[in-house]
Structures are given as structure tokens and as C-alpha cells.
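Participant: starting from these lines, generate the structure:
(6 chains)
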Number of protein chains: 6
Amino acid sequence: MGKLEQEFAAYRERMNARILEEDNRVIKRVYSVDSLAYAEDAGELPKQTRELLGLVASLVLRCDDCVKYHVKEARDAGNSRKAIVEAMSIGLVVGGTIVVPHLRRAIEFLDDIEDPAPGG
Amino acid sequence: MGKLEQEFAAYRERMNARILEEDNRVIKRVYSVDSLAYAEDAGELPKQTRELLGLVASLVLRCDDCVKYHVKEARDAGNSRKAIVEAMSIGLVVGGTIVVPHLRRAIEFLDDIEDPAPGG
Amino acid sequence: MGKLEQEFAAYRERMNARILEEDNRVIKRVYSVDSLAYAEDAGELPKQTRELLGLVASLVLRCDDCVKYHVKEARDAGNSRKAIVEAMSIGLVVGGTIVVPHLRRAIEFLDDIEDPAPGG
Amino acid sequence: MGKLEQEFAAYRERMNARILEEDNRVIKRVYSVDSLAYAEDAGELPKQTRELLGLVASLVLRCDDCVKYHVKEARDAGNSRKAIVEAMSIGLVVGGTIVVPHLRRAIEFLDDIEDPAPGG
Amino acid sequence: MGKLEQEFAAYRERMNARILEEDNRVIKRVYSVDSLAYAEDAGELPKQTRELLGLVASLVLRCDDCVKYHVKEARDAGNSRKAIVEAMSIGLVVGGTIVVPHLRRAIEFLDDIEDPAPGG
Amino acid sequence: MGKLEQEFAAYRERMNARILEEDNRVIKRVYSVDSLAYAEDAGELPKQTRELLGLVASLVLRCDDCVKYHVKEARDAGNSRKAIVEAMSIGLVVGGTIVVPHLRRAIEFLDDIEDPAPGG
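Facilitator: Numbering: from 1, shown residues only, chains lettered A, B, ... in the order given. Alright, predicted model coming up:
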């Protein structure tokens, strides 16, 4: 696992657990519908495609952490690097150059996943 | 062609022509890269998938006209109604209930395309 | 019922029914968590306050239909006009002058609810 | 005065008056700082430039009414049509193709101002 | 005072002072209307509620620093942790899962305020 | 060169190069139209003004890296500090107090450019 990925996953896991401890029913249900939306057997479109949809939505809304999450999931679901970059290119066209800094961080994260720095 | 679709397409075509008459090089190039992004042979992902990506990006950014455009294109590219609605459901989860009014208009437009009202 | 309110409520009801007919589990669950969030007995804060929270969120995200919905709900939950306008003023400060056109439509809708035009 | 411009100005004026009747101090002050920001003698940059800044901000935030307002003000402050379109092109690049439908309405409004339809 | 809170407050104070040194009238007035909006005696709604409104607006607009500020103010104004989390849950429903990473940081900050790490 | 500027420029350059290595035609063209939009001889408005337009668009869309980039470019194109701050004040009015944290970072960056800390 790359260094960026490791840090992100650890923080994400720790704080998600903390949030669910609040025992707020509304929050819990949002977490649960989120899982359902990308679940293996959720529907008509393969998970591979649904993860790209989540990625593009995250990119145009410019949420770095959401992008990281879906980059990883999209890769694990079998998308090639080329397919992921192409999905990002759609996000860039729709969202404009304001997306560029987020694209930089997205590609950095993709590199981190695919070719972790030594010690990562 | 449905009534909503007809009105939308006519306005879109007329004003796009008007915009290109301005003869602004930057605008022209944005239009051209937009065409390229969704072109039949543009890349790794099939147009069918790329149109769903454009649709979800448009939905979470809550642009009704963009949603209409990609609903139509996504349908024409061979996506089933079920697949389109599923893509929208991803947008709804990512973007929240603020997306709901746009989802209403998107479904209305989808109905208009598939089953035009008499005289439409 | 005011004219604007009547039109909005009719369209909203019709299209929500249409959306739920799609039988998409993710969409249905989002609708259900939305109801839960503002339900009479949902939690710590009174519904009166939760509706103002939904209103301000809708206003800064600049969703006219969402604003209409929460203006009506906030009023019905017992908020005075003054309280509603004050909540909107917070949204205006946070969201900036870009919110102004939405504020205009929100006040128009509030007027429509409180003092329906004849024949409305 | 063009037809679109006339309708927009009338509604804007009527509802702004209505809003100020609410007698909410926060709202009043936001209106007042808004006037100050674009006032003839407000500062370092000429009003001509400040109106273009307001226009681009409105366009990337995709607020049609705000765009209309600043298109009119920018024109009245002495900007050529070419300059206004160029400012819009910056907004299009920064904001992406999601801006296109707003650009269409902006150009339509600019046409309406410059060459009102007969009877307008 | 927690460590996160301390760092945030110090930076905020230092840079706000720096900004006001610019002596720009428009900026100064925006700062002043911001203070007015949340002032102790500002209006119809108690400060306790107004801070929750500011919090939810900040959360759906996904501004981490704004969220931090209002979390602290909302707590100081007498809101329970449960009430703050419930307000956030409304923001999560309205704003969607894109809000989740901001919710994580918000809860982390709330923890930092309530139970500062040793040495914090 | 200031420390913040140095870090930002290095990361930006490195990752932009990495992105272009992906050899995605759509991304390349977006980069190229971005260059064109702010090019020395691009059009009707002087580069000095176009950079302010890019700055305000970036500020209201709340993209810190985009703001940094245009602050630097706007300064290099001959805008005074006062003019840059005034452009930012327009962004603050349009975008609301949600812009404030980004304004803090923008002013910090402007300070870094103009008066680099020792060793920067």
C-alpha cells in the first residue's frame, strides 16, 4: 500500500468509526445507502462503471478525499489506469480548469497506489 | 420527438450558433474539446459509459440543461432507462437531497423522450 | 393555498411518485432518510429548528425548489415570518450576493403562502 | 429596453423593495455593501473592470439573474460587446462546460439589450 | 484549548488582522455584517440557533475552516454535542456523501474542543 | 521567491508534467485552451485584467491553488497589491463569508510573494 493511501485509509477508518459512535440514525442511514449504491450486486451497471460515476461526481464537486476513495475503488474494481484517467478527463471538461488542482492530487494518489514509494 | 426535447434542442441549437458567431477563439476551443470528450471513438471507455459520466457530473453540479442533453445522448448511445436511472441514483447519493428537484426534471425529460405526449 | 405553492406542490407530488415508480432501491432510501431527518420526533432539535436548518442549507446551495419546500415546512412547524427571514439572512451572509436572486424568489413564495393572491 | 431586460428589471426592483420592507438589518447591510463594491468611485479599479469581475464571478457560480444584472451594468459602464464576451470566455474556461447553458442565456440577454426585438 | 483549535484560532486571528490592514472598505463591511449576523442580541432567533444555521451552511458549502469556527461558537452558545451532530446530519442529508470528509474533520475538531489531547 | 510560492510552483510543475504524460487528448486540449485564455496577446482585454478575472473566478469557486496561481500571475502582469485586494473584495461580496478562509490564504500567499520570509 502506498504512503498516501495508507494515511488516508487510516484516518478515514478511524473517523468513520468515531462518527458512527455518535449513534445518530440519520447519519447511519446515509452511510448505509452509500454502501448500497456501490455494492457488488447493486444493480444494472457493473460496479466497475458505478465507481467511475462516483469518481467523476467527486471530481467535479472537487472533494479530494472522495476522489481518492473512488480512485482506489475504481482501480480495485478492474478499471485500467487509462480508463480512470479518461473518466477524469470528462470531469475536467465538465468542471473546467478549477478541477485541475484536484486532478493533480488525483494523479498523485493514483501513482501512489500503483507504484508506492519505497518505505510507503 | 417529445415536446420538452424539441424546445430544448431548438433553443440549444439556435444559441450555440449565436455564441460561435462571436468568433471568440477560447469559446470555440471549449466547444471543440467538449465534442471530443464524448466523440464516438474518443477512447478507452465506450461512448455509452462516457455519456453516463457526463450525466452524473451534470446532475451533481445541478445543471438542468446539461442533464437533459446527456440523458438524451446516454439513451441514444444505447443505455437502458434502468441504467440511466441507476447512474442518477449515484448522483443523488453523492450530491444529496439538493439534487432531488433536478432529478424530478430529469425523469420528466426522460419520460418526454421515451413516450412523447400526444401532439408533442 | 397560494398559486405558486399549489403549482409547486402538484408538480413535486406528481414527479416524486413517478421517481419512486422506478423502483430503484438507492433512490427510495434517500427519500426515506430525507423524511427521517425532518420527522416530527426525529431528535434533539425541535422540527421547528430542523426546518430552518434545511432552509438555510437549501438557500446557500441555491436550490429554489428546496427553498420553497422548507419555507413552507418551516412556517407550518411554527416559525414566524421574522424567524424565517432571519434564517435567510444568515444564508445571505454566508453565501454572498449570489444568493440574492434566490432570496427574491423565496420571499415571493413566502408572500404567496401567507397572503395568496385572489383566485390563487 | 429589450423584453427580457424589462421583465428582469421589473421583477428585480419589485422584489428587492419587498425584501427591504422586511426590515432585517443584516440583509440591508448586505445590500449596501453590494452597492459599495460596484460604486462609481469605489476604488482602485475602474467600474468598467469591477463589473466584469462581478460578471465572471456570477457566471462561474452559474447565477443567471446575477449574470444578467452584470451584463447590463458592464455594458453601461462602457465595456464593448467583445470585452464582455471575452470575460465570459474566461468564466467558461475556469468553470467548464457546465457553464455553457448559462452562457447561452447570457448571450441571449446581451442580444436583447443591444438589439431589442420589435415591440420589446 | 485543544491543539487543532489553538492552531486554527491563531492563524485565523493573525490573518484576519492582516486582511483588515489592507484598509479595503468593502472587505471591512463584510466582516462587520458577519459579526452582526451572529451577534448576541441580533434578532428573533437565539444565538444558539443562529450558530447552528451558520454551521449547516458551512458544512453543505464544504468549508472546513468555517465549520470549525461555527462548531466552536455553537458549542460555546450552549448547544449540546448531540444537537450539533444532529445539525450536521441535516447538512449531510442535504449535501450528500460529498459532505462526509468534512464531517470527519468536523467531528475530529469537536473532539478536540471537548477533550483536548494531552499537551494540547 | 517566497517559501509558499516555491512549494506551490514545484508541486504544480511536477504534477502537470505527470498529467500530460498520460497522453490523454482531452486533458491536453483543456490545458492548451487554458493557456490561450490568459495568453499575452489573447484578445480584447489586457492580460492584466484577464488575470484578475481568473483570480475572482477562482476565489468564488474557492480553489486555493487556483487563487495562488492567479495572484502570482496578476501581480506579474502589473496589477498593484491594492488592485488585487480590490478584485478579491468583489469575490468576497459575491461569494459571501464562505470565501473568508480562502481570502486569508490568498493574502498570506500575496505576502509571501511580495516579502518572502528570510530563507524563503
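Participant: please see if the helix or strand hosting A:Pro101 touches chain F.
Facilitator: A:Pro101 is part of helix A:100-114, with elements assigned from DSSP states H and E. Yes - against chain F, helix A:100-114 shows contacts by Cβ under 8 Å from any Cβ of the partner chain at A:100-101, A:103-105, A:107-108, A:111. Placement of C-beta: from N, CA and C, glycine included.
Participant: quick one: stretch A:76-87 near chain D?
Facilitator: No - if you take Cβ under 8 Å from any Cβ as the test, stretch A:76-87 misses chain D, and the best it gets is 15.0 Å.
Participant: list of residues touching that stretch?
Facilitator: Contact with stretch A:76-87 is made by A:46-48, A:51-52, A:55-56, A:71, A:74-75, A:107, A:110, A:114, B:42-45, B:50, B:53, F:22, F:24, F:26-27, as judged by Cβ atoms under 8 Å, 6 or more residues apart in numbering or on different chains.
Participant: show me how far that stretch is from its chain's centre.
Facilitator: 12 Å (Cα atoms, centre = their mean, to the nearest Å).
Participant: returning to that earlier point: scan the residues of helix A:100-114 next to chain F and report the most crowded one.
Facilitator: A:Leu103 (25 neighbours; other Cβ atoms under 10 Å in any protein chain shown).
Participant: residues of the lengthiest helix in chain A that come out buried?
Facilitator: Longest helix in chain A by number of residues (criterion: DSSP state H): helix A:3-21. Residues of helix A:3-21 classed as buried: A:4-5, A:8, A:12, A:15, A:19 (neighbour count, 16 or more other Cβ atoms under 10 Å in any protein chain shown).
Participant: neighbouring contacts of that helix?
Facilitator: A:1, A:27-28, A:31, A:65, A:68-69, A:72, A:108-109, A:112-113, A:116-117, A:119-120, E:103-105, E:107-108, E:111.
Participant: A:Asn79 is in what secondary structure piece?
Facilitator: Under the criterion DSSP H and E, no helix or strand holds A:Asn79.
Participant: what about it, distance to C:Leu36?
Facilitator: Taking Cβ to Cβ, to the nearest Å as the measure, A:Asn79 falls 34 Å from C:Leu36.
Participant: then A:Asp65?
Facilitator: Where C:Leu36 is concerned, A:Asp65 sits at a distance of 26 Å (Cβ to Cβ).
Participant: who's more crowded, these two?
Facilitator: Per other Cβ under 10 Å, whichever of A:Asp65 and C:Leu36 has more neighbours is A:Asp65, with 19 against 16.
Participant: what is the burial count for A:Arg25?
Facilitator: 16.
Participant: ramachandran angles for it?
Facilitator: According to degrees, to the nearest 10, the main-chain angles of A:Arg25 amount to phi -60, psi -40.
Participant: so what pLDDT did it get?
Facilitator: At A:Arg25, the model reports a pLDDT of 96.
Participant: hang on, it packs against C:Leu36?
Facilitator: Yes - with contact taken as Cβ atoms under 8 Å, A:Arg25 and C:Leu36 are classed as touching, separated by 6.6 Å.
Participant: tell me who's in contact with the nearest residue to A:Cys66 once chain neighbours are set aside.
Facilitator: Using Cβ to Cβ, 6 or more residues apart in numbering or on different chains and skipping the chain neighbours, the partner closest in space to A:Cys66 is A:Ser58 (3.6 Å). Each residue near A:Ser58 by Cβ under 8 Å, 6+ apart is listed here: A:66-67, A:69-70, B:94, E:98.
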